[in-house]
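Q: okay, sequence plus prediction incoming.
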Amino acid sequence: MALFHVARYQGPEATGPERAEAEAGAGSRARALLERLQSQARERQQQRELEPAEAAAQTSEVPGRRRRRPRRRPRVSGRAAGRPDTPQAKRLRAGGEDADADAGSSEEAPKERSASPEAPDSRPPETVSELPGPGQVLGGLARRKAAKVQLFLPMWLANPSCVKKNVTKDLVPIEDIPEVHPDLQKQLRARGISSYFPVQAAVIPALLENAASGFLVGRGGYQPSDLCVSAPTGSGKTLAFVIPVVQALLHRVVCHVRALVMLPTKELAQQVSKVFNIYTDATPLRVALVTGQKPLATEQESLVQKTADGFRCLADIVVATPGRLVDHINQTPGFSLQQLRFLVVDEADRMIDSMHQSWLPRVMAAALPSKGPADPCALLQRWRPQAVTAASACCPQMPLQKLLFSATLTQNPEKLQQLGLYQPRLFSTRLAHRVPKDEGTEVDRDPEGKYTFPAGLTHHYVPCSLSSKPLAIMHLVVGKNFSRALCFTNSRENSHRLFLLLQAFGGVSVAEFSSRYGPGHRRKVLKQFEQGKIQLLISTDATARGIDVLGVELVINYDAPQYLRTYVHRVGRTARAGKTGQAFTLLLKVQERTFLRMLAEGGAPELAQHEIPSKLLQPLVPRYEEALSQLERTVKEEQKQKAA
Ligand SMILES: Nc1ncnc2c1ncn2[C@@H]1O[C@H](COP(=O)(O)OP(=O)(O)OP(=O)(O)O)[C@@H](O)[C@H]1O
């Protein structure tokens, strides 16, 4: 008998009377199943008894067929034993193989049973798996493919607005989106931008439409939808939110914090605030950077000013990292988010991971009034998103719209739910297309895998052993003629040692970027890398996300990344904005299979194998050994200094 009965989830959970009914039904179904099994066992017994006669009939009819050995045990036919004939037994006697075929088509007597006369008596009835029922029975011998659990996504995730992904072909000229303010168009042209990238062409008009009536309610008086944007690395997501946010706030009269942009790292926040500064330069709008790079008091001075009758806000747009923002919410007198119109969450998947810092509830609490009685004198009341009613629509409101951006935006509704999105809308370069399923229904399938990669990026992997890894990287670094390369390791210790080794090896200007160093030093290193003074930057994943350095031609994963998302962001530091680039990953033999499968499932183009023959590595060995002993000396020295 089968040991377990697995009831698979079939749809929304039954509750209340439905559930009671289902439970009552389950009892009667179990009884019916038992009766059916018993009757099948009886029938099989009878069939076995009939088989010798049937076999004899068949061997005499079919020439050339091997005679079956007669059964040792003499059997008495059902009729002779005084038992009534079953319909199956009658058919078997009458028609031999035809009878089997018929039996196969019958739910009560499937093929497997009649085709295995030698089965021992204790064999479980395979027919169980054929029985209709809500579940699947384990323990039957018949091998059948387990039904694949289908992923059911909310409609907004399953049906995204499609964004084209080719940033070299699918460009939209600036003049084709006349909604963008002429001053901003002028700024774009001044920066050498004559066309919008596809993600910008899709998102900018959508956001401007929401903000058409200033920063009050959206079109038609409704609260605008929150937006999620998933587009490859280097596809221009930053301008996709900078332009509409600046334009929406252009005609503000009083300065209040109306846009808050959240980023996971200081460097990234600094980069985004620079872009805001460019496009707000010729406007009265002010941008404040709140990351902890400067003392709290200095940042406070850039946010609020004490006046005779209270506080004056000094920033319209705040670009922040979570920890420091919470510090200001708690400690900066007069810092208010009550007029917040846009909450931009860049690198949204990473920011969701940092939700344990509870920055979002703090922001929402600061932005929306608490439950107490509303201030009757306030010009604009704001409520948490709710159903639209005549009462809720009669007062003008300033909506708080959330905008999420990432190259690896999660599709996990549970994770996204933490953000409390309001009627969200997804813009994505990944097409969910519909393919027919067996039963004639349709299901959503992503033909390309989880993520999209920049078109100009070529992926390679270098098979190597643990001992040949340093030589392999030296060969890549010395042998390739590049102006800027980024090399990633999985820890800051690895970064440091590799940096010391390559520095001792020589031949390339190298630097290190990790949390080993303070923000000031890191900023300096990044600047030198941008300026081309550093050729090779050895880094932890601190630079893997969002960092936009022009002219990075090569990304090397000295340590293979553990997660697909990490790979996407690391290699995305090259081949940005339609340029080309190369990514090399050094792989140990044991890592190859898992890593390549992970990438294939993630939608990466096939990785080209880049074998480095040992004869090319051999000449590097003497220099490498020298560098190794130099590294040892430096490490000892550092340990001594640390201990002192
Ligand atoms: N329309 C455009 N025309 C030309 N260059 C552009 C355009 N839009 C953006 N860029 C440039 O493309 C580069 C990448 O843009 P951006 O940093 O916004 O990419 P991203 O999509 O945010 O990437 P990531 O996911 O890695 O953060 C930047 O150097 C930016 O100046």
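A: Done, it's in.
Q: list the contacts for the closest residue to Cys464 other than its chain neighbours?
A: Spatial nearest neighbour of Cys464, chain neighbours left out: Ala472 (4.6 Å); criterion: CB to CB, 6 or more residues apart in numbering. The way it works is simple: take the backbone N, C-alpha and C, and place the C-beta from them, glycine included. Neighbour list for Ala472: Val462, Cys464, Leu586, Ile612, Leu617 [criterion: CB atoms under 8 Å, 6 or more residues apart in numbering].
Q: turn the residues you listed into TSV, including secondary structure and neighbour count.
A: What follows is the contacts of Ala472, written out as TSV (DSSP: H, G, I helix; E, B strand; the rest coil; neighbours: other CB atoms under 10 Å):
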residue	secondary structure	neighbour count
Val462	strand	21
Cys464	coil	21
Leu586	strand	23
Ile612	coil	17
Leu617	helix	17
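Q: hang on, the earlier thing: got the CA positions of the host helix or strand of the residue nearest to Cys464 in CSV?
A: Using DSSP states H and E, Ala472 sits within helix 469-479. Only the C-alpha atoms of helix 469-479 are listed here, as CSV (Å, rounded to 0.1, in the frame of the first residue of the first chain):
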residue,chain,number,x,y,z
LYS,A,469,44.6,31.6,-9.7
PRO,A,470,47.1,34.3,-8.9
LEU,A,471,49.1,33.5,-12.0
ALA,A,472,45.9,33.5,-14.2
ILE,A,473,45.0,37.0,-13.0
MET,A,474,48.5,38.2,-13.6
HIS,A,475,48.4,36.8,-17.1
LEU,A,476,45.0,38.5,-17.7
VAL,A,477,46.1,41.8,-16.3
VAL,A,478,49.5,41.9,-17.9
GLY,A,479,48.4,40.4,-21.2
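Q: what mean pLDDT does it get?
A: The average of the pLDDT scores along helix 469-479 is 87.
Q: residues in contact with His256?
A: In this structure, His256 makes contact with Cys313, Asp316, Ser336, Gln338, Gln339, judged by CB under 8 Å, 6+ apart.
Q: rerun that using 6 Å as the cut-off
A: By CB atoms under 6 Å, 6 or more residues apart in numbering, the contact set of His256 is Cys313, Gln339.
Q: burial count for Pro413?
A: 12 (other CB atoms under 10 Å).
Q: hmm, I typed the wrong one, I wanted Leu368.
A: When neighbours are defined as other CB under 10 Å, Leu368 has 16 of them.
Q: any idea how far the ligand is from it?
A: Leu368 sits 29 Å away from the ligand when distances are taken as CB to the nearest ligand atom, to the nearest Å.
Q: okay, buried residues for the helix holding Ala472 please.
A: Of the residues in helix 469-479, those scored as buried under the neighbour-count criterion (16 or more other CB atoms under 10 Å) are Lys469, Pro470, Leu471, Ala472, Ile473, Met474, His475, Leu476, Val477.
Q: of all of the stretch 501-644 of the chain, which residue lies closest to the ligand?
A: Ala577 (3.3 Å; CB to the nearest ligand atom).
Q: excluding its backbone neighbours, what's nearest that residue?
A: Leaving out its chain neighbours, Ala577 is closest to Gly234 (CB to CB, 6+ apart), at 5.4 Å.
Q: that neighbour - how many residues pack around it?
A: Summarising burial for Gly234: neighbours were counted as other CB under 10 Å, giving 24.
Q: so it, which state does it fall into?
A: With DSSP: H, G, I helix; E, B strand; the rest coil as the basis, Gly234 sits in coil.
Q: quick check, it in contact with Arg573.
A: No - counting by CB atoms under 6 Å, no contact exists between Gly234 and Arg573, whose distance comes to 8.3 Å.
Q: would you say Thr408 is within a helix?
A: No - under three-state DSSP, Thr408 sits outside any helix and is assigned coil.
Q: now it: phi and psi?
A: phi -130, psi 50 (degrees, to the nearest 10).
Q: ok, it - contacts?
A: Neighbours of Thr408 in contact, by CB under 6 Å, 6+ apart: Asp349, Tyr451, Arg565, Val568.
Q: what about the second one, neighbour count?
A: The burial count assigned to Tyr451 is 25, neighbours taken as other CB under 10 Å.
Q: do the same with the third one
A: Here the number of neighbours of Arg565 (other CB under 10 Å) works out to 21.
Q: tell me how far the closest residue to it other than its chain neighbours lies from Val621.
A: Nearest residue to Arg565, sequence neighbours excluded (CB to CB, 6+ apart): Thr408, at 4.5 Å. Remark: distance between Thr408 and Val621 (CB to CB, to the nearest Å) = 40 Å.
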